[in-house]
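>>> What follows is a predicted protein model with its sequence.
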Amino acid sequence: MRKILFLCLLAGITMAQTPKPYGATPSADQLKWHKMEYYAFVHFGPNSFTDKEWGDGTEKEEVFNPTQLDCRQWARIAKAAGMKGIIITAKHHDGFALYPSKYSTHTVRESKWRDGKGDVLKELSAACKEYGLKMGIYISPWDRNHPTYGTPEYNQVYVNMLKEITTQYGDLFEVWFDGANGEGPNGKKQVYDFPLFNKTVKTYQPHALIFSDAGPDIRWVGNERGFAGETCWSTINGAQLFPAYDKPKHLNVGDENGTHWIPAECDVSIRPGWFYHKAEDDKVKTPAALMDIWNKSVGRGANLLLNIPVDGRGIVNENDEKSLIEFKKMRDEYFRKNLLTKGTFTKTTGENSIDIKMNKAQSFNCLVVQEDIRYGQRVSEFAVQVKENNEWKTVATATTIGHKRIVYFPRVNSKEVRVAIQGTLARPLIANVELYDTPAN
């Protein structure tokens, strides 16, 4: 790590030449993904009716029979909550497919729902298009029902199912591979062919990003609490990773100067479980708890994948909807008024700082800063300082920035604020700085 040697540049300043990228950089599709920041995970299937988290594959197909299935309701609530997309469990570990696959007999086709003519993925695809949301697919490689699981034949069965979901439901922004690998109905485990699985996705959905412990496009954050590391690099040494990678702290933090751009995604459920359980109706995370997760996921440069377990009726439960909408109102209140708008401040860049002088003194307790990650992630340490009695006072310190860093500190009243870059891997490129007076204590 070396100290600042060059000027920090703010986005919008005319540069004599395009900056030279440093280290691993995001693809165009990864840049679009970073801007999404927040989207829904929907766990739905036989478990929603049997009160289980992991079905064993022996459940009868007729157990799946939502009486009020309404994907438009899911999409309407996700949109109102400020989410940018929905990822659906097309097939969980029990092997039950939410669409009529040609390669399984454990699907909606064999259920009583819609007289065996229904297709949840088709209805969700239409709803996402109507509400301007992106759609993604979770499809578990583990299949506790399929008779070929645990044999070389199964990998091709899984590829055939991947082809179905990547060719029949429009553009997908993400395909989510779970690393779980248990025994199938024949008592055998499967040796997954992930290179073949990845190739299949990219063949039919070249712009879809692939999530797994090993990427190759998005990595697991290493926990299911929704928290990225206080230091969180979007870069990581990708050659060290593999499915079911067993070093969660490494995934949580990433690697300074990592060889690959594989950013972290924070998956967490709004309830204790991933599937709907009536006993958890009074255990839905509060807006305040969700705000804490937001600050430790999106606020640390990762994306937030918040699970909403659809209930047995086939709709988002009222308790979950209430918390989601109140959480949206809370975020709007926190970040309602950026104090640094055009004409309200002047800016000076120095060798190791960005100094901002507002037209008048303001009270504030939160700073949001973003790097121009098109050219790599560079900043490893910075401080927030304010001028008091003609002297600079440090009110907060943090490490990495990446796509976005949200920093809170005790409320101050000042006319001048400084972002002091104290550690960097290359010339820092700061794309955006915002300042807020939030309700946070």
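Received the coordinates, thanks. Numbers count the residues shown, from 1 in each chain.
>>> okay, now the residue nearest to P248 when sequence neighbours are not counted: neighbour count?
Spatially, and ignoring its direct neighbours in sequence, P248 is nearest to G222 (3.3 Å; C-beta to C-beta, 6 or more residues apart in numbering). To be clear about C-beta, it is placed using only N, CA and C from the backbone, and glycine gets the same treatment. Close neighbours of G222, defined as other C-beta atoms under 10 Å, add up to 21.
>>> What residues does G222 make contact with?
G222 is in contact with K247, P248, K249, H250, L251, N252, A264, counting by C-beta atoms under 8 Å, 6 or more residues apart in numbering.
>>> Narrow the residues you listed to those in helices?
The helices, defined by DSSP state H, take in P248, K249, H250, L251, N252 from the contacts of G222.
>>> out of the residues you listed, who's nearest Y38?
Lowest distance from Y38 to the ones in helices among the contacts of G222 (C-beta to C-beta) belongs to N252, with 19.0 Å.
>>> Give me the neighbour count for the closest one.
22.
>>> Can you mark which positions in stretch 424-438 are buried?
424-431, 433-438 (16 or more other C-beta atoms under 10 Å).
>>> can you list the domains in the protein?
By the record's domain assignment, the chain is partitioned as 9-23+338-436, 37-334 (automatic domain parsing).
>>> Please produce JSON lines containing those domains, extended by mean pLDDT and distance to L31.
Shown next, in JSON lines, are those (pLDDT from 0 to 100; distance: least, C-beta to C-beta, whole Å):
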{"stretch": "domain 9-23+338-436", "mean pLDDT": "92", "distance to L31": "7"}
{"stretch": "domain 37-334", "mean pLDDT": "97", "distance to L31": "10"}
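>>> tally of neighbours for E62?
Neighbour tally, E62, other C-beta under 10 Å: 13.
>>> right, and it touches K112 too?
Yes. Counting by C-beta atoms under 8 Å, E62 does reach K112; the two are 5.0 Å apart.
>>> before we move on, the earlier item: which one of the domains of the chain lies closest to Q30?
Comparing these by C-beta to C-beta, domain 37-334 comes nearest, at 6.3 Å.
>>> For the host helix or strand of L121, what is the distance to the chain centroid?
Per DSSP states H and E: L121 is located in helix 120-131. Taking C-alpha atoms, centre = their mean, to the nearest Å, the mean C-alpha location of helix 120-131 is offset from the chain mean by 20 Å.
>>> Could you point out the helix or strand that follows it?
strand 134-139.
>>> so what strands line up beside that following strand?
Strand 134-139 has the following sheet partners, assigned by DSSP bridges: strand 85-91 (parallel), strand 174-176 (parallel).
>>> on that earlier part again, from the ones in helices among the contacts of G222, which is closest to G118?
For these, the nearest to G118 is L251 (37.0 Å; C-beta to C-beta).
>>> out of the contacts of G222, which is most surrounded?
Most crowded among the contacts of G222, counting by other C-beta under 10 Å, is A264 at 25 neighbours.
>>> show me what contacts it?
By C-beta under 8 Å, 6+ apart, A264 lies in contact with 218-222, 228, 232, 234, 251-252, 254, 301-303.
>>> export these to CSV and tack on secondary structure and distance to F242?
Below are the contacts of A264 laid out as CSV (DSSP: H, G, I helix; E, B strand; the rest coil; distance: C-beta to C-beta, whole Å):
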residue, secondary structure, distance to F242
I218, strand, 15
R219, strand, 12
W220, strand, 12
V221, coil, 17
G222, coil, 14
A228, coil, 21
C232, coil, 21
S234, coil, 19
L251, helix, 12
N252, helix, 17
G254, coil, 16
G301, coil, 24
A302, coil, 21
N303, strand, 22
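>>> Show me how to select, in ChimeraX, the buried members of the residues you listed.
With 16+ other C-beta under 10 Å as the burial test, the buried ones among these are selected in ChimeraX as follows:
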select :218,219,220,221,222,228,232,234,251,252,254,301,302,303
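>>> Would you reformat the contacts of A264 as TSV and include distance to F345?
Formatted as TSV, the contacts of A264 follow (distance: C-beta to C-beta, whole Å):
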residue	distance to F345
I218	36
R219	37
W220	39
V221	35
G222	38
A228	30
C232	29
S234	29
L251	38
N252	35
G254	33
G301	25
A302	29
N303	30
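>>> K415: which of the contacts of A264 is nearest?
Nearest to K415 among the contacts of A264 is G301, at 29.2 Å by C-beta to C-beta.
>>> before we move on, back to that, from L339, how far off is the residue nearest to P248?
35 Å (C-beta to C-beta, to the nearest Å).
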